[in-house]
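1. Sequence isn't available, so here's the structure alone:
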């Protein structure tokens, strides 16, 4: 029982991170109809920026206050991600308005490669440490409920908490602010939004900035756990089934889809894996997504796709 | 004689329906093929065969497969590498498990197996498109990555996880020197290119393009999306399967699943985008570009770096390489979605009507 | 009209109802089409004309009603089935294959008649080559008929609107249909182009004996070329008869005066 619960919780924790990446996908897809394959590259880019600046800043300024260094590095990384967002809109999206989804998808694949290359050229391609003071020690829980209790990483807890906080903040941003309303209007109908004077290009820059911030948060959390390294770039591929499952246009879908995939991966690996040789995590998620594609293409929470003649 | 169409009149539809309606084109292509067979084998060294020519031929074949699906039928794939893997491992298993199996037979059977698998993973294309289809093809990629790594039967229980084949024997011709390998791949590529050209200029090719351009209208004039899409998946996967078998058995000799990873799939897609979607020639341009660029950068970057007194590491070269690929993808999608092939044909068309463009 | 004779009922639509979600696009509509005639469907915007055409050739399936084509029930026909049954159509917003040449676009119309298998095509063997040539001849006839010889190798995307409409018609004609459905064939054309298009429609009807069902906005054109007219308004049939009868129908008059046309 305790082993099952530990697996389940572990799945939920990693699912939370998938949700975070998926959220970046959904934001951009809603506002611009672009499926951003570069979300993973953005996570890597942000994580590298965070890791390297937190290392460089104390050297440059000759200080050894870790907290200050982290705050400065985080701020600079936000600026960096804004610049990236602005450049992507300026140099790419602007020229591909009204193109087919597949073309845009391939363009973001190009962006992903470009960002991977630039990021590693500027920041280097080793594994870098991100130390934002995440607690590393495990804790025992629920010992009173059943024997042995369950063992959890505090770090995972903090990470899940931060992710949840970000999701709430984004929801408020979307529902309550005027920029959020404009974003939703653009998501509903580009042309209608444009005709009532919402500047499309600025909205796009804003969503890409927001997606950049979610990438930064995901990058920092993951980076502090595993180090900032190239493999972060592949999280886009891990989070892709999540958005298919949850529905490409749905924020709650991204969250719940992330949790389902996170749990599904862990449970299938632990309980099904041994029978088939292990390592089934990735394709299991994709097969799950495939089943959804065949029977419910709009995902759990997405809007129904209607073809018009 | 000048390269142009002005003043050349076709007197029958038959002559207008040739693959290369302009005589100069026909001669040029024939000359290139003849040179490839008769000239190159005597001119280049082993390194050039191994590093450039053989990979170029095989990847061109694979790019043809991707182009049929993506460029002609408009169905995106991010799992092309998986179908190469299926072809390679199927050919391997046919070769070692069926006694007396000729190598050529195994390679073709590898292609047919890939075609069958391609049809299965093409089924989602009947319901979804664009990004959603990309996910289905990624599912194929990850599933087969895993299967060839973990299911020991496919690798004949090889303990290292890698499989290898001896030099192959085609009707008594032992293909073992680089020149042999080059010629063998060249023969296959020439035949397969002709087949591809014939398919895309005929009725099936028009069905693919109709589905690509406007699927509702295609159905209304009597094209079944089911047939058109699944044949595109089948033919495309067949090409990829044969290319995979050649890549494993001819180019590598012994290989692991990583040879056909998702990076290979992306690379193939990039070839088609850069070379030219919906153009047979584009597959060759794209493959040549992707094979040659890294080698070129490896040579040139350290020299450029040297000019500025910088040390250029191998890692840096590879980062610059993916930067250039990324930038070029975006560039071509924005500026010339039909790739190098279109740039080439625009130039040609200008010549063709010269000196009377209107 | 010259030698053609209007024959028996070839297409009979009975009590067709179609709705999307809660919106009723067509309500209980019945009319028939006779062989060799030119039948027009008119009505103000949003009257359900295009929906009607989409029902006839199987793009939409009506929730209720029956379609009888030459005595055969076709209520569950899809658009591929409609093509096989001899229906061809053109589109209001031109739906040509924009990456292909004019010639290839029209050749797609011959698809149902081409039988060479994939192996024959791959190696350009006898049957495939013969077939390609044979159908090319037929297509060239249509190209001559519609006077588009000069653009046969041009990618359709580069053509002006009026010519694209003509290629759209050519592609439908290449199917050698028994019934030709035209969705606003003259929309957006200038007077000269309209006259050309009228002439082509009449010629098709006259020379090939093709039955034509057309939707058109331009009342003058409709009344000139049609044998009988159905009038729709808000998804309901409000008139049916010869142009003169329809013109005199008080419901039709009020529908047209009520809407601005």
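-> Happy to help now that I have it. Please read these numbers as outputs of a predicted model, since none were measured by experiment. Numbers count the residues shown, from 1 in each chain, chains lettered A, B, ... in the order given.

2. now the strands for the stretch 101-250 of chain C?
-> Remark: strands assigned in the stretch 101-250 of chain C by DSSP state E, counting those that start in this stretch are C:179-183, C:211-215, C:228-233, C:236-241.

3. Ok, the stretch 101-250 of chain A next?
-> Remark: strands assigned in the stretch 101-250 of chain A by DSSP E, counting those that start in this stretch are A:138-141, A:150-153.

4. any low-confidence regions in the stretch 101-250 of chain C?
-> Applying pLDDT under 70 to the stretch 101-250 of chain C flags no residue at all.

5. If the residue in it positioned nearest to chain A is in a bridge, with which residues?
-> Closest approach of the stretch 101-250 of chain C to chain A (CB to the nearest CB) occurs at residue C:183, with a separation of 10.1 Å. In short, each C-beta sits where N, CA and C put it, glycine included. When assigned by DSSP bridges, residue C:183 has beta-bridge partners residue C:215.

6. Any idea how many residues pack against the nearest residue to residue A:219 once chain neighbours are set aside?
-> Once flanking residues are discounted, residue A:219 sits nearest to residue A:47: 3.2 Å by CB to CB, 6 or more residues apart in numbering or on different chains. For residue A:47, the tally of surrounding residues (other CB atoms under 10 Å in any protein chain shown) stands at 30.

7. Residue A:47 is in contact with residue A:230, isn't it?
-> No: in this structure, residue A:47 is not within contact of residue A:230 by CB atoms under 8 Å, at 10.2 Å.

8. what residues are shared contacts of those two?
-> Residues touching both residue A:47 and residue A:230 (CB atoms under 8 Å, 6 or more residues apart in numbering or on different chains): none.

9. Phi, psi for the residue of the stretch 1-150 of chain C found nearest chain A please.
-> Closest residue of the stretch 1-150 of chain C to chain A, CB to the nearest CB: residue C:59 (5.6 Å). Dihedral pair for residue C:59: phi -70, psi -40, per degrees, to the nearest 10.

10. go on, residue A:177?
-> The phi/psi pair for residue A:177 (degrees, to the nearest 10) reads phi -90, psi 160.

11. Look up how far residue C:128 lies from it.
-> From residue A:177 across to residue C:128, the span is 63 Å (CB to CB, to the nearest Å).

12. Give me the more crowded residue out of the two.
-> Ranked by neighbour count (other CB under 10 Å), residue A:177 and residue C:128 place residue C:128 first, with 24 against 11.

13. Now do the same contact list for the more buried one.
-> Residue C:128 neighbours (CB under 8 Å, 6+ apart): B:198, B:202, B:203, C:116, C:120, C:121.

14. Helices along the stretch 51-200 of chain C, start to end?
-> Per DSSP state H, counting those that start in this stretch, the stretch 51-200 of chain C carries helices over the ranges C:79-84, C:102-108, C:118-122, C:126-145, C:161-174, C:191-203.

15. Next: the stretch 201-309 of chain A.
-> A:235-246, A:251-267, A:273-276, A:281-295.

16. quick one: the lowest-mean-pLDDT helix or strand in chain B to chain centroid distance?
-> Least confident helix or strand, chain B: helix B:13-16 with a mean of 74, by mean pLDDT, DSSP states H and E. Offset of helix B:13-16 from its chain centre (CA atoms, centre = their mean, to the nearest Å): 29 Å.

17. hang on, residue C:26 in a strand?
-> Yes: under DSSP: H, G, I helix; E, B strand; the rest coil, residue C:26 falls within a strand.

18. Settle this for me: it is touching residue C:16, isn't it.
-> Yes: between residue C:26 and residue C:16 there is a contact under CB under 8 Å: 5.5 Å.

19. Find the residues that touch each one of the two.
-> Listed as contacting both residue C:26 and residue C:16 by CB under 8 Å, 6+ apart are C:52, C:55, C:62.

20. Which positions are bridged to the closest residue to the first one other than its chain neighbours in the beta structure?
-> Leaving aside its sequence neighbours, residue C:52 sits nearest to residue C:41 (CB to CB, 6+ apart; 5.8 Å). Beta-bridge partners for residue C:41, by DSSP bridges, are residue C:215, residue C:230.

21. got a list of what residue C:41 touches?
-> By CB under 8 Å, 6+ apart, the residues touching residue C:41 are C:49, C:52, C:53, C:213, C:214, C:215, C:229, C:230, C:231, C:232.

22. right, and the helices of the stretch 201-309 of chain A - which one's nearest chain C?
-> Chain C lies closest to helix A:281-295 among the helices of the stretch 201-309 of chain A, at 19.8 Å (CB to the nearest CB).

23. so whichever strand or helix holds residue A:54 versus helix A:235-246, what angle?
-> Assigned by DSSP states H and E, residue A:54 belongs to helix A:39-61. In terms of direction (axes from the mean of the first three to the mean of the last three CA atoms, to 10 degrees), helix A:39-61 departs from helix A:235-246 by 140 degrees.

24. For the least confident helix or strand of chain B, name the packing helices and strands.
-> Under the contact definition 3 or more CB pairs under 8 Å, 6 or more residues apart in numbering or on different chains; DSSP states H and E, helix B:13-16 sits against helix C:126-145.

25. can you state the direction angle for the following helix or strand past the helix holding residue A:54 and helix A:39-61?
-> Counting by DSSP H and E, the next helix or strand C-terminal to helix A:39-61 is helix A:66-91. Relative orientation of helix A:66-91 and helix A:39-61, computed by the same axes, to 10 degrees: 130 degrees.

26. in helix A:66-91, what counts as buried?
-> Buried residues in helix A:66-91, counted by 16 or more other CB atoms under 10 Å in any protein chain shown: A:69-70, A:72-74, A:76-78, A:80-82, A:84-85, A:88-89.

27. Out of these, which is nearest to chain B?
-> Using CB to the nearest CB, residue A:88 is the member of the buried residues of helix A:66-91 that lies nearest chain B, at 9.5 Å.

28. about what we covered before: only the buried residues of the helix holding residue A:54, if you could.
-> Neighbour-count burial for helix A:39-61 flags A:39-55, A:57-58 (criterion: 16+ other CB under 10 Å).

29. what's the distance between that helix and the middle of its chain?
-> Helix A:39-61 has its C-alpha centroid displaced from the chain centroid by 17 Å (CA atoms, centre = their mean).

30. Mean confidence (pLDDT) on it, please.
-> The average pLDDT within helix A:39-61 is 90.

31. cool, and stretch B:103-122?
-> pLDDT averaged over stretch B:103-122 gives 95.

32. go on, stretch B:245-264?
-> 93.

33. looking at the helices of the stretch 51-200 of chain C, which is buried most?
-> Comparing these by mean neighbour count (mean count of other CB atoms under 10 Å in any protein chain shown), helix C:102-108 ranks first with a mean of 26.

34. how about the strands of the stretch 101-250 of chain C, which one is nearest residue B:259?
-> strand C:179-183 (52.2 Å; CB to CB).

35. Now residue B:224: phi and psi?
-> Per degrees, to the nearest 10, the backbone of residue B:224 is at phi -90, psi 120.

36. Can you get me a residue count around it?
-> Residue B:224 has 19 neighbours, counted by other CB under 10 Å.

37. Ok, residue B:145 next?
-> Per other CB under 10 Å, the neighbour tally for residue B:145 reads 22.

38. any weak-confidence spans in chain A?
-> Along chain A, segments meeting pLDDT under 70 span A:1, A:141-149, A:303-309.
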